[in-house]
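Undergrad: Compute the structure for the input listed below.
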Amino acid sequence: MHPPPAPFEDVIDDGLLAIQRAAFLKKVGVETAVNDDFLLNPPTRSDLLESAVKHIIRYLEASRQKELVSAVREGVDTLLMCLYRTLNSVDKMEKLASSENNCVVEELETLLEDSGHLRTLAFLYASKGMSSKALAIWRILGRNYPSRLLKDSSMDESTMDSNVWDISGKETAAAEASKILEESSDQALVLQHLGWIADINQHFAIQILTSEKRESQLSPDDIITAIDSKKVEMLQRYIQWLIEEQESCDPHFHSLYALSLAKSAVELDSTQSLDSSSDPKISDQSLNSIFEQPIRERLQIFLQSSDLYDPEEVLHLIEGSELWLEKAILYRKLGQEALVLRILALKLEDSEAAEQYCAEIGRSDAYVQLLDMYLDPQNGKEPMFKAAVRLLHNHGESLDPFRVLETLSPDMPLQIASETILKLLKARFHHKCQGQIVHNTSRALDLEARLARLEERSRHVQINDESLCDSCHARLGTKLFAMYPDDTVVCYKCYRRQGESTSVTGRNFKQDVLIKPGWLVMD
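TA: Numbering: from 1, shown residues only. Sure thing, here's the model as predicted:
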């Protein structure tokens, strides 16, 4: 672009001088070509300068829509940015800088930095792919965000709390930085800026780590090492993403996640035990958790769903706590059935869960073991007669009455369980009768089958001089012969060739069993 014929400041100064001269001449009665409106309400120099800049901006904005050579496009956008800065049009500056533009960064960075328009400069750096420089500015703004950089013409800054401005500005800086890092595959750059972003808002940091926008993913081991140990939930969310969304089967990550959740749950449990009046849900939510689910719920779900963590490590961590349901899940993983039943039945007093676990074990002795726990809970605890009666009522039919009677405590009131025990004995007698019926029926069927087989093997067949082999059609005469179950008769030579299970018709009696009407047992 060529320079203007004259600076517009000089043009404005000449115009103001002409207005002053015309006003003087009018006073002495000399007519001039200057409009009377200018003489009555002469404009100020600042108004004319602003008007001139706005008109040039309109011209340049219209020029951007035209087909221009590269050098001219650079000149238009660079000058447009300078004019926006002259009018302090922050919104337009940032819009131009953050969109596709042809600004020459080298000509603008000193100007924008000196005037304090760091946000615009950061947007400009980002649009040109200069991510490191853009992030450096956002880091400065995020650490100590000056409220003057966040002015909005639609708001009165005097009515706003300075703390609100400061927090909002830092959040904005962190958000803009996270947009850049979500697409960056430069792990060193990500780790360099992850800390300060997480200090402002952990959600932004998690979005960076779990972003699918980058071409190549970051190293999980390096990320886990770099995450601040104090930001426990951030670490948990990242490992959860690795396991659930990236489907990682690395036992190290599964164990690390389980241990981290368990440690948080133990700490929360100990905090709640110090203040018995606190509501667990309120205490968990008061931590401003980034998770929707409470910590113990997340721990229980993961312990049940994953088989890749080390249950002994987690159990050792929570051993001295009151996390009984979690302990039951872990003992179940380790196959320690008695401990699981004791926790469900005696610690949690969850009869339904205990009975369900016995059903999963699939052995009747598990119910007897549970009954014994109810009647003799030990450690000075009173017998749980109601739970014992419930167990007998629900599953008594599958139990051995003699073992049940041996297990029952002498202290148990007979009237509590008499009806259930009577039902159990009746069911046992009924099962015995059913078993005898089935046994005798089976014996009868077996005898009938034996008799039918004997009759089949001992039946006679009449052979005369005209009888022929059904295979080779030779006369049988006095030759040895054999007869198959489908009544086909063959000479002994053909029988040796055919075999005892396949007849002349090709039927294999081992695969296609022949059943004659006389063999069927009728009801």
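Undergrad: Tell me which residues of the strand or helix carrying Y374 come out buried.
TA: Element membership of Y374, judged by DSSP states H and E, is helix 364-375. Across helix 364-375, burial judged by 16 or more other C-beta atoms under 10 Å covers 366-375. The C-beta positions use only the backbone N, C-alpha and C, and glycine is treated the same way.
Undergrad: Same check on stretch 179-187?
TA: 179-182, 184, 187.
Undergrad: Likewise for stretch 250-270?
TA: 253-266, 268-269.
Undergrad: ok, so of those residues, who is nearest C494?
TA: Of all the buried residues of stretch 250-270, C494 sits closest to H254, with 68.9 Å by C-beta to C-beta.
Undergrad: Please enumerate the helices of the stretch 101-250 of the chain.
TA: Ranges of helices in the stretch 101-250 of the chain, per DSSP state H, counting those that start in this stretch, are 105-114, 118-127, 131-143, 162-182, 187-200, 202-209, 220-226, 232-240.
Undergrad: Can you name every helix or strand that the last one contacts?
TA: What that stands for is helix 232-240. helix 202-209, helix 220-226, helix 251-274 (3 or more C-beta pairs under 8 Å, 6 or more residues apart in numbering; DSSP states H and E).
Undergrad: next one: it to chain centre, how far?
TA: Averaging C-alpha positions (C-alpha atoms, centre = their mean, to the nearest Å) puts helix 232-240 12 Å from its chain's average.
Undergrad: Give me the residues contacting that helix.
TA: Residues outside helix 232-240 that contact it (C-beta atoms under 8 Å, 6 or more residues apart in numbering): 198, 202, 205-206, 209-210, 223-224, 227-229, 253, 256-257, 260-261, 263-264, 289-291.
Undergrad: And what about R298, helix, strand or coil?
TA: The three-state assignment at R298 reads helix, by DSSP: H, G, I helix; E, B strand; the rest coil.
Undergrad: and it, what is it in contact with?
TA: Under the criterion of C-beta under 8 Å, 6+ apart, the contact list for R298 reads 261, 291.
Undergrad: top helix in this structure by residue count?
TA: Counting residues, the longest helix found in the chain (DSSP state H) is helix 414-458.
Undergrad: following it, which helix or strand comes up?
TA: strand 481-483.
Undergrad: Tell me the neighbouring strands of that next one, and mark each as parallel or antiparallel.
TA: Strand 481-483 pairs in its sheet with strand 489-491 (antiparallel), by DSSP bridges.
Undergrad: roughly how far out does the partner strand sit from the chain middle?
TA: Centre-to-centre, strand 489-491 and its host chain are 74 Å apart (C-alpha atoms, centre = their mean).
Undergrad: ditto for stretch 10-19
TA: A distance of 70 Å separates the centroid of the chain from that of stretch 10-19, by C-alpha atoms, centre = their mean.
Undergrad: got it, and stretch 206-214?
TA: Counting by C-alpha atoms, centre = their mean, stretch 206-214 is centred 15 Å from the centre of its parent chain.
Undergrad: cool, stretch 59-66 as well?
TA: Averaging C-alpha positions (C-alpha atoms, centre = their mean) puts stretch 59-66 49 Å from its chain's average.
Undergrad: Ok, stretch 463-480 next?
TA: 80 Å.
Undergrad: So what touches it?
TA: For stretch 463-480, the external contacting residues (C-beta under 8 Å, 6+ apart) are 481, 488-494, 497-498, 504.
Undergrad: And for stretch 199-209?
TA: With C-beta under 8 Å, 6+ apart as the test, stretch 199-209 has contacts from 142, 170-171, 173-175, 177-178, 181-182, 190, 194, 197-198, 218, 223, 231, 233-234, 237-238, 241, 290.
Undergrad: again, 7 Å this time
TA: 142, 170-171, 174-175, 178, 181-182, 190, 194, 197-198, 223, 231, 233-234, 237-238, 290 (C-beta atoms under 7 Å, 6 or more residues apart in numbering).
Undergrad: For it, the averaged confidence score.
TA: Across stretch 199-209, pLDDT averages out at 95.
Undergrad: Likewise for stretch 69-89?
TA: Mean pLDDT, computed over stretch 69-89, is 94.
Undergrad: State the number of residues packed around the nearest residue to I140 once chain neighbours are set aside.
TA: Among residues not flanking I140 along the chain, L118 sits closest, at 7.0 Å (C-beta to C-beta, 6 or more residues apart in numbering). When neighbours are defined as other C-beta atoms under 10 Å, L118 has 18 of them.
Undergrad: Check R450 too.
TA: Here the number of neighbours of R450 (other C-beta under 10 Å) works out to 10.
Undergrad: Next, the contact list for it, please.
TA: No residues are in contact with R450 under the rule C-beta under 7 Å, 6+ apart.
Undergrad: Mind putting the helices of the stretch 101-250 of the chain into JSON lines with distance to E74?
TA: Formatted as JSON lines, the helices of the stretch 101-250 of the chain follow (distance: least, C-beta to C-beta, whole Å):
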{"stretch": "helix 105-114", "distance to E74": "9"}
{"stretch": "helix 118-127", "distance to E74": "13"}
{"stretch": "helix 131-143", "distance to E74": "19"}
{"stretch": "helix 162-182", "distance to E74": "24"}
{"stretch": "helix 187-200", "distance to E74": "28"}
{"stretch": "helix 202-209", "distance to E74": "33"}
{"stretch": "helix 220-226", "distance to E74": "40"}
{"stretch": "helix 232-240", "distance to E74": "43"}
